[in-house]
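When you get a sec, could you give me coordinates for this:
(4 chains)
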Protein chains: 4
Amino acid sequence: MTEQRWQQLSEWPLIVAAAAFLGAYAWTVLSPAAGAAAQLAELVMWGTWVLFAGDFVVRLTLAPRPARWLLHHLHEVAMVVLPVFRPLRLLRLVTLLGVLQRSAGTAVRGRVVMYAAGSTLLLLITSSLAMLDSERGAPHASIETYPEALWWSTVTVTTVGYGDFSPVTTTGRLIAVALMIAGIALLGVITATLASWLVERVGEQDEAHQAVTRAQVADLTAEIAALRAQLAARDGRDR
Amino acid sequence: MTEQRWQQLSEWPLIVAAAAFLGAYAWTVLSPAAGAAAQLAELVMWGTWVLFAGDFVVRLTLAPRPARWLLHHLHEVAMVVLPVFRPLRLLRLVTLLGVLQRSAGTAVRGRVVMYAAGSTLLLLITSSLAMLDSERGAPHASIETYPEALWWSTVTVTTVGYGDFSPVTTTGRLIAVALMIAGIALLGVITATLASWLVERVGEQDEAHQAVTRAQVADLTAEIAALRAQLAARDGRDR
Amino acid sequence: MTEQRWQQLSEWPLIVAAAAFLGAYAWTVLSPAAGAAAQLAELVMWGTWVLFAGDFVVRLTLAPRPARWLLHHLHEVAMVVLPVFRPLRLLRLVTLLGVLQRSAGTAVRGRVVMYAAGSTLLLLITSSLAMLDSERGAPHASIETYPEALWWSTVTVTTVGYGDFSPVTTTGRLIAVALMIAGIALLGVITATLASWLVERVGEQDEAHQAVTRAQVADLTAEIAALRAQLAARDGRDR
Amino acid sequence: MTEQRWQQLSEWPLIVAAAAFLGAYAWTVLSPAAGAAAQLAELVMWGTWVLFAGDFVVRLTLAPRPARWLLHHLHEVAMVVLPVFRPLRLLRLVTLLGVLQRSAGTAVRGRVVMYAAGSTLLLLITSSLAMLDSERGAPHASIETYPEALWWSTVTVTTVGYGDFSPVTTTGRLIAVALMIAGIALLGVITATLASWLVERVGEQDEAHQAVTRAQVADLTAEIAALRAQLAARDGRDR
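Residues are numbered from 1 along each chain as shown, chains lettered A, B, ... in the order given. Modelled structure (predicted):
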């Protein structure tokens, strides 16, 4: 079996596992009570770890050059080995956007915007959970409930930054940095999409000054080819 | 009657209704006193609701595929059914910009900038009203007068975010999120417009390296057609 | 005398007057003491008012359609009539950038960046002065010295917005809004310039896929014209 | 020896000197204790000064027009003469990115992003050091540890600006301004890169409407040349 085939087979199970992980993680953070439910959530999180670790090992085995493959998948190594990077599993859910889009078959710009919006939403939900998990209970912490964490995430990702809530723990600040980078990227994606659309629209407007298309030049080339054929036919007659 | 015809007929009455709604809403928020005036404002708001609900029902009836139409107009369903989304009626006023522009007939870039500026201004006025309505009286609220709300809206939409004022209620924060998204979009529109203009200007400067226009290729094609005609004429003479 | 000729003649005197106004305004704000110096500053400010008002009247007289001209120069009406808009005279100094550039003769992108940087610098200096003038002495004001005002302006124009200083007076907030809009525009100009440069660079790299230039198509047309001449010459011989 | 040859020879030694300067500067700021280590750090910093001053003098001597060269390297004059601008030596480390890239040979966009990311990272590290150096001990200062300075730098460069930490000294604020300008530039670079990529992708999608490439027009020209040759051959036969 090739790596590509395995990825096709494992796509949906891993998406489901990532969704289950998100649910269990949210449960653990939002209702931090002991008992059967907490144990179940813990179990689900371990279960998804086993699935992702298994997928990692299988792909490493199937790769033609394992060492090179490992170098290009360092973030997956981190995700499997270090507990701190567990939320990286949620990147799988971004694949879901790809699956949805494949059936829709939209244009480049639509796809870019959909990825950007979907990833940002997922990032907001997850980073708010992680932020709440790391800030709650820290001295001088201002973020103490999930709605507050969501509000803070949105204020950060849009680069508004009121400062009414801000992280005080190191983990919290690392999450914030990730959100800020995502915010800058989001701004860039939106602007770039608008710019690309506008450049196209402005170009369309002035018919006489539009750029020449390949189709037009193809017509021109056909015209000349016809001319040569005409000439060749005469050559034949004359001889 | 087709849906399109109905939309042409209902365009101006709905714009007027939206403006009346804005006036009545502003009155209710800015001078929250009981009495005849308050009852009048309440009446106007109910009146505009009836108009918008009526328009909604007529368009649903006229639509060729009502179920599909409903799916594409979910925001109108929300606007008619839920009182919270009443301000969505003001979207009608954005149509006004379209009406104004139709008589002016400006270029793509001018139209984009006009829509962006007009919508942002309308959004600032409305969201400040809604913000004041939801924050005033809440414990620990910092936004307490309309000028403060306007100042806060501007600081938010430009993504500056001083933090001297910030919403504390859930409704207020949802309004803030809408403003932030509008701010990012505004930034994107301005940058994209400038980029499109600059790409065009830079292109114009260096005459010899300008992109080929359709007009030029049309000249070329005419030249070749003349050549074929010349050749064909000779063929006729020779035969 | 035409309006254009007058503008050429009055260009330098008005630039000098604007610079004198800036100096006098800065003096009034930064050392608000009574005495001969204050009276001199006051005199200079009135003198520049007379010059700008005179220039306005002359251009209104010279304009072919005065009513139309008035409609297109409303900001100058405000500048001459209302004392609040006095700082608009400083817009003249932006002309200085145009004068400097005319001798340098740089490319579109260089000119755009120079205008943006120059205007932003001028705006920072002026708005800090105006901000200090309007905030100083207001209750709960945080901006009390010129360095603080400059720091606040920079934080605002870059849309960072720490919130350690923020205006509390209405005049101060209106100045802040102007700075925020300038900040968004500045961001847009920088991004657009980079985008335009990058689009050009990427295009240059892949020689075989470069856009066709007018020069190339002109060569092609010449080739075909030569072909027709060749054919016509043969026609002449054959007859 | 030409200036270019000297630059090739001095490239690596100066990069190493800049790295040594960074190490010594970090050591001085982060563990401000007297003793042998502090003296060593001081020595290293003086050593790198001698190296950079030497390089400056040699290049000034080698330049064909020394006066003109001096005018174009004012920032190096400042770096050599004024102690405040010592950190400018670190600009050398940006050259390192150029060296790394030369062996990789990536495309324009990749190079631009790499330079932007590398410079931003270097700027964050250095400006946090300089900020800590200038703020620590100042009255009312909020930035007191290196992690806090790093957090503040990141919040500033992304233009989020919470305001939980902000500089109070003049030196600190000047560093902040540099970071803000870098932040705007970073935002611009990311957006421009995305826009350029997107414009290209959208263009590629619709095959029939793609811009004409030089290769296509070259084909067309060859076709016409063949036509002329065909005609010339017939001319030869006929005569």
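
Report pLDDT for A:Leu60.
With respect to pLDDT, A:Leu60 has a value of 88.

again, but for A:Val84
Turning to A:Val84, the model gives it a pLDDT of 70.

Send me stretch A:25-40 as PDB with only the CA atoms.
Output of stretch A:25-40 as PDB, limited to C-alpha atoms (Å, rounded to 0.1, in the frame of the first residue of the first chain):
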ATOM      1  CA  TYR A  25     -11.100  18.500  25.400                       C
ATOM      2  CA  ALA A  26     -13.900  21.100  25.600                       C
ATOM      3  CA  TRP A  27     -15.700  18.900  28.200                       C
ATOM      4  CA  THR A  28     -12.500  18.600  30.300                       C
ATOM      5  CA  VAL A  29     -11.900  22.400  30.200                       C
ATOM      6  CA  LEU A  30     -15.500  23.600  30.600                       C
ATOM      7  CA  SER A  31     -16.700  21.300  33.400                       C
ATOM      8  CA  PRO A  32     -13.600  20.400  35.300                       C
ATOM      9  CA  ALA A  33     -15.300  18.000  37.700                       C
ATOM     10  CA  ALA A  34     -14.100  14.500  38.700                       C
ATOM     11  CA  GLY A  35     -16.300  11.500  38.100                       C
ATOM     12  CA  ALA A  36     -17.300   9.100  35.300                       C
ATOM     13  CA  ALA A  37     -17.700  11.800  32.700                       C
ATOM     14  CA  ALA A  38     -14.200  13.100  33.300                       C
ATOM     15  CA  GLN A  39     -12.800   9.600  33.000                       C
ATOM     16  CA  LEU A  40     -14.700   9.100  29.800                       C
END
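
Quick one: distance of that stretch to the chain centre.
Chain-centre distance of stretch A:25-40: 28 Å, with CA atoms, centre = their mean, to the nearest Å.

What are the buried residues along the helix or strand A:Ala192 falls within?
With the criterion set as DSSP states H and E, the secondary-structure element containing A:Ala192 is helix A:170-205. Residues of helix A:170-205 classed as buried: A:172-180, A:182-200, A:202-203 (neighbour count, 16 or more other CB atoms under 10 Å in any protein chain shown). For the C-beta atoms, the positions are set from N, CA and C on the backbone; glycine is no exception.

Stretch A:22-36 too?
Applying a neighbour-count criterion of 16+ other CB under 10 Å, one finds A:22, A:24-29 buried in stretch A:22-36.

Would you mind splitting chain A into its domains for me?
Listed domain ranges for chain A are A:1-84, A:89-202 (source: the TED database).

which one of the ones you listed lies closest to D:Phe165?
When those are ranked by proximity to D:Phe165, the top entry is domain A:89-202, at 9.0 Å, counting by CB to CB.

quick one: the closest one to chain centroid distance?
Using CA atoms, centre = their mean, we find the averaged C-alpha position of domain A:89-202 to lie 10 Å away from the chain's own average C-alpha position.

Next, the distance between the ends of it.
42 Å (CA to CA, to the nearest Å).

Wondering if it reaches chain D at all.
Yes - contact between domain A:89-202 and chain D is present through A:107-109, A:112, A:156, A:159-163, A:166, A:170, A:173, A:176-177, A:180-181, A:183-185, A:187-189, A:191-193, A:195-196, A:199-200 (criterion: CB under 8 Å from any CB of the partner chain).
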